[in-house]
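# here is the input, now give the coordinates:
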Amino acid sequence: MAARSGSDFINGLKARPRAVWVGGERVTDVTTHPAFSGSIEQIARLYDAQLSPELADTLTYVVPETGRRAGTAFMPAYSTQDLERRREAFRIWSEMTFGLMGRSPDFLNTTLLAMWESADVFGRGGAQFAQNVTNYYRYVRDNDLFLSHALITPQNDRSKSSSEQAKLHLRVVKETDAGIYMSGARMIATLGPIADELLMYNHPGMRPGDEDHAIVFAIPADTEGLRQIAREPYTLAGTKESFDHPLSTRFEEADALLIFDNVFVPWERVFVFRDVALCNAMYPDSAIRNHTAHQTNVRALVKFQFAVGVAMALARSIKADQFLHVQKMLGECLGYVEMIKSGLVRSEAEAEKTPAGTLRTSLPPLQALRTFMPTAYPRVIEVLQTIAAGGFMMMPTGADFRVPELGQDMDLYYQGADMASIDRVRLFKLAWDLAGEGFGQRLLQYERYYAGDPVRLLASNYLTYGDQRPDELVARALALAGDPRMLEDAK
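Numbering: from 1, shown residues only. Take a look at the predicted model:
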């Protein structure tokens with residue numbers, strides 16, 4: 001049996017309506033609402049690609065214990081070739097969205113794989129939690145579900161712990177023999193309104209006293225008592241001309257605040273319960289980042305290649321690439337692309353064993369790339385904006401090309417260097433969608449804060465660095481000087 005299709009995904013959303021609000025409106029069917037229909041169509045395309053005869057063996061694998069196909073992101077790796085196969089699957093899906101959809105289904109699929117490989121970590125809280133993790137990984141894998149998550153507490157008063165803001169932050173409010181009840185809020189659920197399930201965990205940083213908030217669990221997106229308030233869309237699909245907004249009309253990822261109002265979670269879907277130490281240890285000890293960083297750095301590579309490609313195309317369209325300072329900027333950006341490629345290959349070559357006996361990519365090169373993105377991607381966008389300059393401000397709309405009276409003006413004044421006007425305008429519109437519109441600015445902010453506070457991330461590179469080679473080299477160099485007191489004794 002094959003993995004599910006795009007129509008299966010869409011029909012599943014229709015069959016399980018969820019409480020979603022956008023623009024003050026309760027959405028009854030996310031598949032038809034213009035705030036979500038564009039991204040739903042793109043996710044459906046990804047699922048359909050799994051069924052393609054040309055791509056099925058790359059995007060899916062046969063699960064040994066079931067004989068059925070599942071997405072390659074779920075596939076445990078036993079060799080570097082398996083890791084390369086996973087990278088290729090990530091690349092294909094990423095290129096279908098130009099790297100612009102940071103929360104495509106394969107992202108959290110890799111998280112579940114990491115949790116399954118490290119089920120013993122969850123077992124520290126009790127054997128049943130390790131079994132719950134294993135069962136949930138298999139359930140999502142076998143049904144090819146699409147997950148979202150929300151890891152951050154609302155930005156109300158960041159000086160206070162969760163226990164000091166108990167009515168705001170997600171917490172357990174009741175415990176029964178059947179399960180637990182959760183209330184409070186979390187952000188940011190990217191594509192949460194169109195996901196099948198929500199996986200709830202947190203970054204390290206919980207404090208003693210936060211036990212009621214130290215819960216890891218998963219629920220269906222249509223669970224009673226759960227509502228999502230989506231941010232204002234940057235573009236509503238079908239309401240703006242695709243010529244003018246080729247990216248935002250297709251790849252808009254809705255972000256939502258999740259509000260839990262006495263939501264029931266059965267015990268079989270609870271993975272950590274009221275354990276602050278384990279909640280803080282889960283993220284690093286389960287090596288989630290090794291897997292998610294592999295997927296997201298492949299996606300980032302595609303996004304960089306796309307953005308740099310747009311910058312080069314802009315420069316060529318007006319022959320700005322003949323100037324040395326433009327060549328320097330483009331060369332700088334191309335260097336970023338090669339750095340990402342190198343880090344990905346090194347992470348696979350230095351793969352490490354997991355407790356399950358499988359292989360996972362090495363984290364240090366991937367983490368170095370993730371801490372590099374918050375400055376590198378904004379720089380690429382800055383270069384793109386610099387090359388386009390005032391050209392961004394003077395582009396007409398697609399409707400202008402349909403006005404006969406403007407025909408000669410359009411052909412004459414919007415042409416590029418050896419480029420017809422419609423082709424140049426199309427290119428500049430694409431670039432503006434990527435680098436200027438609210439959609440593009442959200443993509444920029446996404447890379448800045450994708451993995452958390454960039455200051456803390458860079459500091460963690462130092463605090464967790466385990467390679468002793470730099471210290472050894474310094475010690476050897478210091479030894480060259482010897483001890484001046486020994487020279488005095490020799491006299």
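
# from here on, contacts and neighbour counts on C-alpha atoms
Noted.

# the nearest residue to residue 111 once chain neighbours are set aside and residue 109: what is the separation?
Closest residue to residue 111 apart from its sequence neighbours, by Cα to Cα, 6 or more residues apart in numbering: residue 288 at 5.6 Å. For residue 288, the distance to residue 109 equals 11 Å [Cα to Cα, to the nearest Å].

# pick out whichever of these two has more residues nearby.
The residue with more neighbours, out of residue 288 and residue 109, is residue 109; 27 against 22, by other Cα atoms under 10 Å.

# about what we covered before: show me the contacts for the residue nearest to residue 111.
Contacts for residue 288 (Cα atoms under 8 Å, 6 or more residues apart in numbering) come out as 110-111, 114-115.

# and residue 396, by the same measure?
residue 425.

# so it, which state does it fall into?
coil (DSSP: H, G, I helix; E, B strand; the rest coil).

# quick check: residue 363 touching residue 290?
Yes: under the criterion of Cα atoms under 8 Å, residue 363 makes contact with residue 290 at 5.1 Å.

# can you find the helix or strand in this protein with the smallest mean pLDDT?
Lowest mean confidence among the helices and strands of the chain (mean pLDDT, DSSP states H and E): helix 484-490, at a mean of 71.

# secondary structure element for the residue positioned nearest the centre of the chain?
The residue lying closest to the centre of the chain (Cα atoms, centre = their mean) is residue 102, at 3.5 Å. Using DSSP states H and E, residue 102 maps to neither a helix nor a strand.

# can you pull the pLDDT of it?
If you check residue 102, the pLDDT there is 92.

# got the phi and psi for it?
The phi/psi pair for residue 102 (degrees, to the nearest 10) reads phi -70, psi -10.

# gap between it and residue 336?
Separation of residue 102 from residue 336 (Cα to Cα): 19 Å.

# do the same with residue 256
Per Cα to Cα, residue 256 is found 31 Å from residue 336.

# these two: who's more crowded?
Between residue 256 and residue 336, counted using other Cα under 10 Å, the more crowded position is residue 256 (24 against 20).

# I'd assumed residue 202 was in contact with residue 217.
No: using Cα under 8 Å as the test, residue 217 is too far from residue 202 to be in contact (10.5 Å).

# the spatially closest residue to residue 220 that is not a sequence neighbour pairs with what?
With sequence-adjacent residues excluded and distances taken as Cα to Cα, 6+ apart, residue 220 is closest to residue 197, at 4.2 Å. In this entry, residue 197 is beta-bridged to residue 147, residue 220, by DSSP bridges.

# who touches residue 197 in this structure?
Neighbour list for residue 197: 145-148, 218-221 [criterion: Cα under 8 Å, 6+ apart].

# if we use 10 Å, what do you get?
140, 145-149, 218-223 (Cα atoms under 10 Å, 6 or more residues apart in numbering).

# now residue 261
170, 173, 181-185, 224-227.

# try residue 444
Counting by Cα under 10 Å, 6+ apart, the residues that residue 444 touches are 373-375, 377-379, 381, 434-436, 438, 450.

# tell me where the protein has strands.
19-22, 25-27, 60-62, 69-71, 147-149, 171-175, 179-190, 197-200, 215-220, 226-230, 255-266, 270-273, 352-353, 359-360 (DSSP state E).

# could you list the residues in contact with the first one?
Applying Cα under 10 Å, 6+ apart, the contact partners of strand 19-22 are 26-30, 33, 35-36, 192-194, 221-233, 254, 256-258.

# try it again with 7 Å
With contact meaning Cα atoms under 7 Å, 6 or more residues apart in numbering, strand 19-22 is reached by 26-27, 193, 222, 226-232.

# hmm, which two among those residues are most spread apart?
Farthest-apart pair in those is 222 and 232; separation 21.3 Å (Cα to Cα).

# out of those two, which sits in the more crowded spot?
Counted by other Cα under 10 Å, residue 222 and residue 232 do not tie: residue 222 has more neighbours, with 20 against 14.

# distance of the more buried one from residue 14?
Taking Cα to Cα, one finds residue 222 at 11 Å from residue 14.

# go on, residue 60?
Using Cα to Cα, residue 60 is found at 25 Å from residue 14.

# compare those two (neighbour count), which wins?
residue 60 (24 against 15).

# what residue ranges in the chain score low on pLDDT?
1-2, 487-491 (pLDDT under 70).

# domain assignment for it?
Domain segmentation of the chain under automatic domain parsing yields 6-283, 287-465.

# and the longest one, how far apart are its ends?
Yep, that's domain 6-283 we're talking about. 31 Å.

# pretty sure residue 270 is touching residue 217, no?
Yes: counting by Cα atoms under 7 Å, residue 270 touches residue 217, with 4.4 Å between them.

# compare these two (neighbour count), which wins?
Remark: of residue 270 and residue 217, residue 270 carries more neighbours, 22 against 19, as counted by other Cα under 10 Å.

# for that one, give me its contacts.
With Cα under 7 Å, 6+ apart, residue 270 has these contacts: 129, 132, 216-218.

# what's the answer for residue 333, then?
Residues in contact with residue 333 (Cα under 7 Å, 6+ apart) are 308, 380.

# neighbour-wise, which one of the contacts of strand 19-22 leads?
Counting by other Cα under 10 Å, top hit in the contacts of strand 19-22: residue 193 with 33 neighbours.

# what's across from the closest residue to that residue other than its chain neighbours in the sheet?
Computed as Cα to Cα, 6+ apart, the closest residue to residue 193 that is not its neighbour in sequence is residue 20, at 6.2 Å. In this entry, residue 20 is beta-bridged to residue 27, residue 228, by DSSP bridges.

# against residue 169, how distant is residue 20?
20 Å.

# how far away is the residue nearest to residue 193 from residue 96?
In this view, residue 20 and residue 96 are 27 Å apart by Cα to Cα.

# higher neighbour count, those two?
Per other Cα under 10 Å, whichever of residue 20 and residue 96 has more neighbours is residue 20, with 24 against 16.
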